[in-house]
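# let's see this in three dimensions:
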Amino acid sequence: MQVCQECQLVYVSKESLKVHVNRMHKKLKPHKCEECDYSTYQKNMLKHHCMSKHNMYEKPYKCELCSYETITKTVLKKHVMAIHLLEKPFKCKECDYRSSSKCSVQKHFMVVHKKIKLYACEMCNYEASYPTNLKQHIMAIHDKLKPFQCDECAYKALRKFTLNQHILTKHKNVKPFKCTECDYVTTYNSNLIRHVKRIHKIKK
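Numbering: from 1, shown residues only. Take a look at the predicted model:
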């Protein structure tokens, strides 16, 4: 285990500690945008910036076995191994989790077992366990982007899943959550939990 001398956070490897120190304490930002003055420590954040601010959506690496496309050769290789070859040679030492990449297992160990949040927002104090969560945070909070538009009203959502929920509950009046004790039905699981606790005195 590697301990940061500045804040005492513990990391699995020297490399992950180095990333933490350079990003959080030295404030290094080696990746610079060619179109503007933006710079960042994380390469994937530069890609997100270019995609959202400069409309650079090109994904040059294409899978020969399906329609999957990506912006890096490394990610394409991981996709082929995990999806088409079903190869997951790397295993977590704490649980049964397996992956096609050693890096994924290391991240899993740090996030799931060590509860370390690897991804920090450069514009606020938000930290995330996964890059997708950080990306969604930046899009919603800082970029104010909600790309999924409802066809029935002016509602917009950050995620397609959230939009689908909106359509089912607001326009189709679907109530999938049903009480097992009575005829009560509701749109949201949280409403069902409150109902069961309040009406039937059952703790879930």
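# per-domain residue ranges of this structure.
The chain breaks down into these domains under automatic domain parsing: 2-142, 148-199.
# low-scoring stretches of this structure, by residue?
1, 11-12, 52, 54-58, 203-204 (pLDDT under 70).
# centre-most residue in it?
Thr132 (2.3 Å; CA atoms, centre = their mean).
# can you tell me the element that one falls in?
Secondary structure from DSSP states H and E places Thr132 in helix 131-137.
# and that helix, C-alpha only, in PDB?
What follows is helix 131-137, C-alpha atoms only, in PDB (Å, rounded to 0.1, in the frame of the first residue of the first chain):
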ATOM      1  CA  PRO A 131     -15.500   8.300 -15.000                       C
ATOM      2  CA  THR A 132     -19.100   8.000 -16.300                       C
ATOM      3  CA  ASN A 133     -20.400   9.500 -13.000                       C
ATOM      4  CA  LEU A 134     -17.900  12.400 -13.300                       C
ATOM      5  CA  LYS A 135     -18.900  12.900 -16.900                       C
ATOM      6  CA  GLN A 136     -22.600  13.000 -16.100                       C
ATOM      7  CA  HIS A 137     -21.900  15.500 -13.200                       C
END
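# pull the residues that contact it.
The contact list for helix 131-137, computed with CB atoms under 8 Å, 6 or more residues apart in numbering, reads 44-45, 48, 119-121, 126, 128, 158-159. Placement of C-beta: from N, CA and C, glycine included.
# what subset of those residues is buried?
44-45, 48, 119-120, 126, 128, 158 (16 or more other CB atoms under 10 Å).
# before we move on, the earlier item: how about the helix holding Thr132: buried residues?
Applying 16+ other CB under 10 Å to helix 131-137 flags 134-135, 137 as buried.
# centre of the chain versus that helix, how much separation?
5 Å (CA atoms, centre = their mean, to the nearest Å).
# packing partners for the helix or strand that it is followed by?
Following helix 131-137 in sequence order, the next helix or strand is strand 148-149 (DSSP H and E). In terms of contacts (3 or more CB pairs under 8 Å, 6 or more residues apart in numbering; DSSP states H and E), strand 148-149 is packed against strand 156-157, helix 160-166.
# which strands and helices lie in contact with the last one?
Which is helix 160-166. Counting by 3+ CB pairs under 8 Å, 6+ apart, helix 160-166 packs on strand 148-149, strand 156-157.
# deepest of the ones you listed, which one?
The highest average neighbour count among the helices and strands packed on helix 160-166, using mean count of other CB atoms under 10 Å, belongs to strand 156-157 at a mean of 16.
# who's in contact with that strand?
Under CB under 8 Å, 6+ apart, the answer for strand 156-157 is 146-150, 163, 166.
# show me how to select, in PyMOL, the buried members of the residues you listed.
The PyMOL command for the buried members of the contacts of strand 156-157 (criterion: 16+ other CB under 10 Å) is given here:
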select buried, resi 163+166
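# could you dump the contacts of strand 156-157 into JSON lines with distance to Cys179 added?
Converted to JSON lines, the contacts of strand 156-157 look like this (distance: CB to CB, whole Å):
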{"residue": "Lys146", "distance to Cys179": "33"}
{"residue": "Pro147", "distance to Cys179": "36"}
{"residue": "Phe148", "distance to Cys179": "31"}
{"residue": "Gln149", "distance to Cys179": "34"}
{"residue": "Cys150", "distance to Cys179": "29"}
{"residue": "Leu163", "distance to Cys179": "27"}
{"residue": "His166", "distance to Cys179": "23"}
